[in-house]
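**Q** mind folding the following:
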Amino acid sequence: MAEAAATYLIEKTDNWLTKEWTLSDKVKEGIERLQTDLPMTKAILKDMDTEREQDNQTQELIRLFRGVIYDIEDVLDMRAYQNSHQNSPWYDRRSRIGKHSIAAFINETEANLKRITDKRADYQNRRSSHPAPIPSYQEAEIATEDTPGDEIVGVEEPKEEITSWILDSERACKVKFVVGMGGSGKTAVVKLVYDQLKTDFDCHVWLTASMSMTSPELLSIMLNKLRLYPANSPSQALPDLVSALKNYLRDKRYLIIIDDLWTIKVWDDVKRALPRGNCSRVIITTRRGDIASSSCRENFVEVYNIQALPLEKARDLFQRKCGALPSEPGRGLWFENLLRKCEGLPLGIIEIGKLLYAKEKSESEFRKVHNTLRAELASGQLSSIRRALLLSYDDLPYHLKCCFLYMSMFPECYLVNRRTLIRLWIAEGFVERENDKQVEDIGEEYLQELIQRNLIQAGELDFAGRPQTCRLHSLMHKIALSKSKAEDFCTIWLNPKGMIPDKTRRLSIQNTEFNVPNKNLCHARTLFTSSVGLKIASHISSSLKLLKTLHLDGASVDTFPKGIEDLLLLKYLCLSNTRIKMVPVSIGRLQHLETLNLKQTFMTSVPDTLTNLTELRHLLICRYNINGDVSFGAVSGFKVPREVSKLTHLQKLSFVRADSDHKMIRELRYLTELRKLGIIDLPSNSGPILCHVIQMLTNLHSLNMTSLHREEVLNIQGIDNPPPLQRLYLTGHLEKMPQWISRLHDLVRIRLKWSRLRQDNNPITILGKLPNLLELQLLDAYKGDRLDFRVGRFPRLKILEFDQMEELTVITIENWALPCLQKLIISRCQNLGGIPVGIENVAQLKELHLGDMPPHFVDPIRRNGRMRRLVQRIQKISYKHLQNGHQWPPEDLS
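**A** Numbers count the residues shown, from 1 in each chain. Okay, the predicted model is just below:
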């Protein structure tokens, strides 16, 4: 954690020195010395951070080193502030730095660093002469491993799945990874299967790996358990161990379990020793889904993801472990609250149940456990849960630890938008830049790895399989809060009258009021809230001048808060879902700004000074006006400033309003790094220049174009060499289907709205040939009376939606057509005679959603309807009815 901060500071210091700012020689020398000292500090913190069980002295040393780094950061950031604003004091007089000269503060910092380094050296010398015993982390992966079989519940499905896989008659050796977060029951399920079937094999062995175990160590243990090597045999080279094991297993049918695998290297080495025949089976349990994913590229490897216990199974297990419930009225309330905190995690259910079993069965006792859960997890009777879950955190590389802890800034169970989270990480400097990659793509990789490592949970997936949101498990969130507090990572402010620590670096406001006129926050770099309706002062305190991230999504704000223009180091500003209508001219002073998010505000224009923000990457200003019905003008955009071409680093720009003289469109051709562009109010005569500009935006992945009004022609036929679009949204009348769309081989989503294509311009003729298309929406897009989906077209389509197709009377699906379709949506197609002909042959279809469809369409597929048999195997069928602009709750027809 602190190592990441040190790395950032080294890079920043070097950058400032190369700019040769007007520093005195004494100060320059001091900064150069700190530049030399910081790598040593980084290495020390890295060494200490890798220690699994840190004693009190180690933790205190880490705290002291982190304090020194924060002091250095204060100096450098305040010097940067002075460079950005020559007429402003570069320090806050209320801060400790305000009482020192820079030189004096550097000298003091160096003295502190030397003192702490000497302390550590002395401590290491004393500890080396009295080494502490190495703690065991091989407590059962979950507590159920030591639980009698009749106490383990909810494992029937995974047990049956794994048993069936083992008993399959396939001759080749097969490997199955059983993946889940710590405490999810992986080991318990596999142990049940292993004990039941191990005697069916010529030889069998159960191995428990650990974070530190090497391949030779694991192979030696395996050979020892197979009685090939005695326990005290001298160590052997890896090739010899591989050869010995391979020779022994060559003619045998074997069952091998590797429990709690942590590294791909160990599995790669073990794999070389395993013969591939004789119906042998290998099962590997791991919380590292990234290892499983990389391994399953081989056709003999499969992955099984352990799911949380269903609610009823979890309640049954919790009841068994708790014993009797409180007898007074409302007795089940706190039982259920605690059960919900477990979210189906067996380890949490069992350990909390054991704690309750030993307590008085009263509502007050259950409530007390509920309210002290975080403390019990940190150092109390539930610390075993904390240790088990923190193993995954300890295994993280340094650059991911701060990304994980950032999730503690959000409230428990909060669904965090994926893109927002990644932009926040980037603003904090957590995402390490690489020359050949966009920093946003690297952030996506970070999030994916944290999800695969089962530290962060993915929310609902989009059509391409990416999470739209993510969150922490409730117990993991409490552990992250404790870890974050111990690391001085952030402060969670729940009580408006509560105290805020003086050196708070990141402040997350989780109440409904925030006013800081008398609070000293000169050390703060991040001010964050996700509290809808949060009341904030009309003026941002001057003590926040070193702020770099300001996220006030949903705050109760009518005007742009004064003082933001003085936050000269700001990189990220979000005022989305507020009532602001304009930003001041002074926003042009925020020259470090990379993200400006004003979505769902009442902004219609921005001042021309915005073009001074040359580091800007994401300019997001729009408002979706949705009131239960889909209308043509559902999206409001903004007028871009003159000389928008100066914003050459822009990645995302939406939604901008086209102008009548096409000057704005011409300016866009200079924004060659654009990846997402949304443009509205396009007049038909802008077509030629627009097509020319789009061809110049060679990095464009997402394009959204809307005509001036519903009848205005969207004139986009003249694109000869389209950019590599992945998402295309066209709203407005099309005289014919653009032929260039057929060359979009990377396209995964297309939405055509109010296209009103004639019958001789059937859109699916072109779209059906796109090899990677996953989602297709047609809203009043075609005036023909039928659509026929034939074999060989739309090979990967997962989501298909029809809306307001008024002339459409019949949809047919050939047998074996739409092989990947999972969701079908049909809304407001009043003349459609019935469900698509051949729908019963769409093998992967799981969801059918209907909206405002007439009775002659809906009634036949209701339960006991005459066409019910055709949709019987679709798992989810729903019907929404819109009446007088009111959207009624969906009716479940499943």
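**Q** if I look at the residue nearest to Phe602 when sequence neighbours are not counted, how far off is Thr601?
**A** Using Cβ to Cβ, 6 or more residues apart in numbering and skipping the chain neighbours, the partner closest in space to Phe602 is Lys581 (4.5 Å). (Glycine included, C-beta is placed from N, CA and C.) With distances taken as Cβ to Cβ, to the nearest Å, Lys581 is found 7 Å from Thr601.
**Q** please apply the same query to Thr163.
**A** Using Cβ to Cβ, Thr163 is found at 56 Å from Thr601.
**Q** compare those two (neighbour count), which wins?
**A** Of the pair Thr163 and Thr601, Thr601 is the one with more neighbours under other Cβ atoms under 10 Å, namely 23 against 15.
**Q** if I pick Leu598, what's in contact with it?
**A** Leu598 is in contact with Leu575, Ser576, Ile580, Val583, Leu620, Ile621, counting by Cβ atoms under 8 Å, 6 or more residues apart in numbering.
**Q** next one: phi and psi at it?
**A** phi -120, psi 40 (degrees, to the nearest 10).
**Q** residues in contact with the residue of the chain positioned farthest from its centre?
**A** Taking Cα atoms, centre = their mean, the residue of the chain most remote from its mean C-alpha position is Pro230, at 47.6 Å. Applying Cβ under 8 Å, 6+ apart to Pro230 gives the contacts Asn224.
**Q** can you pull out the strands in the stretch 451-600 of the chain?
**A** 457-458, 469-471, 491-493, 506-509, 513-514, 526-529, 535-536, 549-552, 572-574, 595-597 (DSSP state E, counting those that start in this stretch).
**Q** relative to Arg749, which of the ones you listed is closest?
**A** Ranking the strands of the stretch 451-600 of the chain by their distance to Arg749 (criterion: Cβ to Cβ) puts strand 469-471 first, at 18.3 Å.
**Q** off-centre distance for that closest one?
**A** Averaging C-alpha positions (Cα atoms, centre = their mean, to the nearest Å) puts strand 469-471 6 Å from its chain's average.
**Q** and stretch 465-475, by the same measure?
**A** Centroid displacement of stretch 465-475 relative to its chain, using Cα atoms, centre = their mean, is 6 Å.
**Q** start to end distance for it?
**A** Stretch 465-475 has an end-to-end distance of 26 Å (criterion: Cα to Cα, to the nearest Å).
**Q** quick one: average pLDDT of it?
**A** For stretch 465-475, mean pLDDT is 94.
**Q** what's it in contact with?
**A** 181, 340-343, 345, 348, 377, 385, 389, 407-408, 410, 412-418, 421, 444, 447, 451, 455-462, 480.
**Q** got the buried residues for it?
**A** By 16 or more other Cβ atoms under 10 Å, the buried positions in stretch 465-475 come out as Pro467, Thr469, Cys470, Arg471, Leu472, His473, Ser474, Leu475.
**Q** ok, now stretch 873-882?
**A** For stretch 873-882, using 16+ other Cβ under 10 Å, the buried residues are Ile874, Ile877, Ser878, Tyr879, Lys880.
**Q** the nearest residue to Lys599 once chain neighbours are set aside: how many residues sit nearby?
**A** Excluding its sequence neighbours, the residue lying closest to Lys599 (Cβ to Cβ, 6+ apart) is Ser576, at 4.4 Å. For Ser576, the count of nearby residues is 19 (other Cβ under 10 Å).
**Q** so who does Ser576 touch?
**A** Taking Cβ under 8 Å, 6+ apart as the test, what Ser576 contacts is Asp553, Gly554, Asn597, Leu598, Lys599, Gln600, Thr601, Leu620.
**Q** counting neighbours, what do you get for Pro310?
**A** 13.
**Q** cool, the one 4 residues further on as well?
**A** The local packing count at Ala314 equals 22, with neighbours defined by other Cβ under 10 Å.
**Q** do you know how far it is from Pro346?
**A** From Ala314 to Pro346 the distance is 8 Å (Cβ to Cβ).
**Q** let me see the residues that make contact with stretch 419-437.
**A** With contact meaning Cβ under 8 Å, 6+ apart, stretch 419-437 is reached by 4, 8, 399, 402-403, 406-407, 439-440, 442-444, 446-447, 470, 525-526, 528, 548-549, 551, 553, 571-572, 574, 594-595, 597, 618.
**Q** ah, wrong one, I meant stretch 368-378
**A** Counting by Cβ under 8 Å, 6+ apart, 334, 337-338, 341, 352, 355-356, 359, 380, 382-383, 385-386, 475, 478-479, 481-482 sit against stretch 368-378.
**Q** what of stretch 241-252?
**A** With contact meaning Cβ under 8 Å, 6+ apart, stretch 241-252 is reached by 201-203, 216, 219-220, 222-223, 226, 228-229, 236, 269, 272-275, 278, 280.
**Q** what's the spacing between it and its chain's center?
**A** 43 Å.
**Q** which residues of the stretch 451-600 of the chain score low on pLDDT?
**A** 514-519 (pLDDT under 70).
**Q** quick one: the strand or helix carrying Arg423 to chain centroid distance?
**A** Per DSSP states H and E: Arg423 is located in helix 418-428. A distance of 10 Å separates the centroid of the chain from that of helix 418-428, by Cα atoms, centre = their mean.
**Q** if we can go back for a sec, what does the pLDDT read for the residue farthest from the centre of the chain?
**A** Per-residue confidence at Pro230 stands at 70 (pLDDT).
**Q** same deal with Leu9?
**A** Reported pLDDT for Leu9: 44.
**Q** any idea how far Lys341 is from Lys174?
**A** Going from Lys174 to Lys341 by Cβ to Cβ gives 38 Å.
**Q** equivalent analysis for Glu360, please.
**A** Glu360 is 20 Å from Lys341, by Cβ to Cβ.
**Q** more neighbours: those two, which one.
**A** Taking neighbours as other Cβ under 10 Å, Glu360 and Lys341 compare with Lys341 leading, 21 against 10.
**Q** tell me which helix or strand in the chain has the weakest average pLDDT.
**A** Least confident helix or strand, the chain: helix 2-18 with a mean of 44, by mean pLDDT, DSSP states H and E.
**Q** using PDB, write down the CA coordinates of stretch 797-808.
**A** The C-alpha coordinates for stretch 797-808 follow below in PDB (Å, rounded to 0.1, in the frame of the first residue of the first chain):
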ATOM      1  CA  LEU A 797     -26.300 -12.700 -31.100                       C
ATOM      2  CA  LYS A 798     -27.300 -12.800 -27.400                       C
ATOM      3  CA  ILE A 799     -29.900 -10.000 -27.100                       C
ATOM      4  CA  LEU A 800     -32.600  -9.100 -29.600                       C
ATOM      5  CA  GLU A 801     -35.100  -6.300 -29.100                       C
ATOM      6  CA  PHE A 802     -38.100  -5.100 -31.100                       C
ATOM      7  CA  ASP A 803     -39.900  -1.900 -30.100                       C
ATOM      8  CA  GLN A 804     -42.600   0.100 -31.900                       C
ATOM      9  CA  MET A 805     -42.400  -1.900 -35.100                       C
ATOM     10  CA  GLU A 806     -45.900  -1.000 -36.100                       C
ATOM     11  CA  GLU A 807     -46.000  -2.600 -39.500                       C
ATOM     12  CA  LEU A 808     -44.500  -5.900 -38.300                       C
END
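**Q** since that was my last question, I'll sign off now.
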